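Asker: dropping a prediction and its sequence here:
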Amino acid sequence: MNKKEMTSNDRHEEGLIQLFTNHTGTKLFALTSSFPFFFIGTIRGVLDDYVRIFVETSNVAELENREWNLHIHDIEVFYLEQEGWPEIPILRENGGSG
């Protein structure tokens, strides 16, 4: 039986899955190319190629304070909070006071 070699897309996807898995519990800022465009929240886990996020902030208030599964392929740009790096700001209509 021949082992199928991984394509660059396979390696890219596997790398992202591993990265998000290793950062469970970390705050994430994710931009998507389609509506609703951005999510800020905490990574709860990874299921296949979906990142489970507890969404704190989005450009759609009805999506906030809920857990969502975001397909890794839909994420165009992301930022993970890390010690020593800038924190993701709190974005609220009331000026960020929570």
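Answerer: Right, received. Where do you want to start?
Asker: I'd say residue 26 and residue 78 touch.
Answerer: No - counting by Cβ atoms under 8 Å, residue 26 does not reach residue 78; the two are 10.7 Å apart. The way it works is simple: take the backbone N, C-alpha and C, and place the C-beta from them, glycine included.
Asker: okay, those two: which has more neighbours?
Answerer: residue 78 (18 against 12; other Cβ atoms under 10 Å).
Asker: the more buried one pairs with what?
Answerer: Note on residue 78: beta-bridge partners by DSSP bridges are residue 30.
Asker: that one against residue 29, yeah?
Answerer: Yes - with contact defined as Cβ under 8 Å, residue 78 counts as touching residue 29 (6.5 Å).
Asker: just the endpoints, please. Distance across stretch 74-91?
Answerer: 22 Å (Cα to Cα, to the nearest Å).
Asker: give me the distance between residue 51 and residue 11.
Answerer: Separation of residue 51 from residue 11 (Cβ to Cβ, to the nearest Å) stands at 18 Å.
Asker: the more surrounded of those two?
Answerer: Comparing residue 51 with residue 11 by neighbour count (other Cβ under 10 Å), the higher total belongs to residue 51, at 28 against 11.
Asker: show me what contacts that one?
Answerer: Residues near residue 51 by Cβ atoms under 8 Å, 6 or more residues apart in numbering: 20, 28, 30, 43, 45, 69-70, 72, 75.
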